[in-house]
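1. I would like to see how this sequence folds:
(one chain, ligands or ions: 1)
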Amino acid sequence: MDRKAVNILVSTIEKLQKENVGSWWKTYMNYINEEDFIYAKKHLTMFDPIKLSHNEIFKRINKAIEKIDKQNVVNAFLYSLSTRKLEYRSFLSSYCIGKVTPDHNFISSPKINDYTCSICGLSEYECKEEMEFNSINFFKYKHGSCFDSPVQILFDLEHFQNMPLVTPVEEDFEILDNIKKIIETSEPKDRISQLKKRIRPVIKSNDIEREGVLEILGVCDILHDDIHFGYADNYVIYSERTQRPIHFDEIGYPARWWQGKFGVDNEKWEYWFGQ
Ligand SMILES: [Zn+2]
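-> Reported below is the predicted structural model:
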């Protein structure tokens, strides 16, 4: 990807975040000049907003999935480990979710959340307005974030076609093996907050990036407890992606439910990373 184009996207939003500009995801376009936006669009790091209905999103997700080979998204995730090219990371979890995402009509959640689809979590408001993908791409480049909302999944799966295919090297597999060993030697009551500190020595990363890696392993059904599973076998409907009964838990579903005593789901590890 073109460095200048990435910089137009990342530095603009980063600056607004640092200056604490409220709702930057709605206003960032005011801080980018037309010429830069055209440049970033040409190099596929920024995109025009589009309007999509609830059902169109799922038709497009299913269409995008058909074009993706599982090994290519696994390779992208692995490649991101040693290179720290974070934008390659979330294709794996997005593919895992996209593969089992049902084509469905909007079904209202129980009141007072009846504006939200009980299957996918999309709100009626999101479908009425134009959808923008640039903040999603920002989170990919900046943090290697793990996604689970339909618009994020759609963007990631369609955007995968824009990215060159990559191949992991020996070092990526070493990092992966080391992460596995560390998960397996966790204390029974350890959670993601302990685990992300323990994997620090084996992967060049900051705290948010490590959290993203572990959340991706959660979505892929590798880190879970015995009630809350990831998406490898079945789509997890919105109402089942439950929070833990604590005040503030930033960790995504289902990694937030994992504890050391549950270790690694070896069957799923093999499914994704087996040679
Ligand atoms: Zn829905």
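2. thought Ser118 was touching Ser239, still the case?
-> Yes: if you go by CB atoms under 8 Å, Ser239 and Ser118 touch, sitting 5.5 Å apart. Where you see a C-beta, it was placed from the backbone N, CA and C, and this is true even at glycine.
3. which residues do those two both contact?
-> Ser109 (CB atoms under 8 Å, 6 or more residues apart in numbering).
4. looking at the two, which has the bigger crowd around it?
-> Ser118 (17 against 14; other CB atoms under 10 Å).
5. residues contacting Ser149?
-> 120-122 are the contacts of Ser149 under CB under 8 Å, 6+ apart.
6. just Asp172 next, same as before
-> Asp172 touches 78-79, 81-82, counting by CB under 8 Å, 6+ apart.
7. let's test this: mean pLDDT of stretch 126-136, rounded?
-> Confidence over stretch 126-136 (mean pLDDT, whole number) is 93.
8. contact partners of that stretch?
-> With CB under 8 Å, 6+ apart, stretch 126-136 has contacts from 9, 13, 25, 28, 46-47, 49-54, 57, 147, 151-152, 155-156, 159.
9. cutoff 6 Å now
-> 25, 46-47, 49-51, 53-54, 151-152, 155 (CB atoms under 6 Å, 6 or more residues apart in numbering).
10. got it, and stretch 152-171?
-> Contacts of stretch 152-171 (CB under 6 Å, 6+ apart): 44, 57, 60-61, 64, 68, 72, 75-76, 78-79, 82, 90-91, 94, 97-98, 133, 136.
11. buried members of these into PyMOL, please.
-> Per 16 or more other CB atoms under 10 Å, the buried members of those correspond to this PyMOL selection:
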select buried, resi 57+61+64+68+72+75+76+78+79+82+90+91+94+97+98+133+136
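12. contact partners of the helix or strand harbouring Asn7?
-> Using DSSP states H and E, Asn7 sits within helix 3-18. Helix 3-18 is contacted from outside by 24, 28, 31-32, 36, 40, 43, 45-46, 138, 141-142, using CB under 6 Å, 6+ apart.
13. report the buried residues of the helix or strand just after it.
-> Following helix 3-18 in sequence order, the next helix or strand is helix 24-27 (DSSP H and E). For helix 24-27, a neighbour-count test (16+ other CB under 10 Å) marks Trp24 as buried.
14. switch to numbering from 25
-> New numbering, starting at 25: the last item is helix 48-51.
15. how about the residues of this structure that lie near the ion?
-> By CB under 5 Å from the ion, the residues of the chain that approach the ion are 141, 143-144.
16. would you list those in TSV and tack on secondary structure and distance to Arg268?
-> Below are the residues of the chain next to the ion laid out as TSV (DSSP: H, G, I helix; E, B strand; the rest coil; distance: CB to CB, whole Å):
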residue	secondary structure	distance to Arg268
Cys141	strand	23
Ile143	coil	22
Cys144	coil	22
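17. give me the buried entries from the residues you listed.
-> 141, 143-144.
18. can you put these in TSV and add pLDDT?
-> Output for these, formatted as TSV (pLDDT from 0 to 100):
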residue	pLDDT
Cys141	96
Ile143	96
Cys144	97
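19. kindly list the main-chain dihedrals of the residue in the stretch 175-299 of the chain positioned nearest to the ion?
-> Using CB to the ion, the single residue of the stretch 175-299 of the chain nearest to the ion is Tyr262, 7.6 Å away. Tyr262 adopts backbone torsions of phi -50, psi -50, taken as degrees, to the nearest 10.
20. can you give me the pLDDT of the closest residue in space to it that isn't next to it in sequence?
-> Spatial nearest neighbour of Tyr262, chain neighbours left out: Gly145 (3.6 Å); criterion: CB to CB, 6 or more residues apart in numbering. The confidence metric pLDDT takes the value 96 at Gly145.
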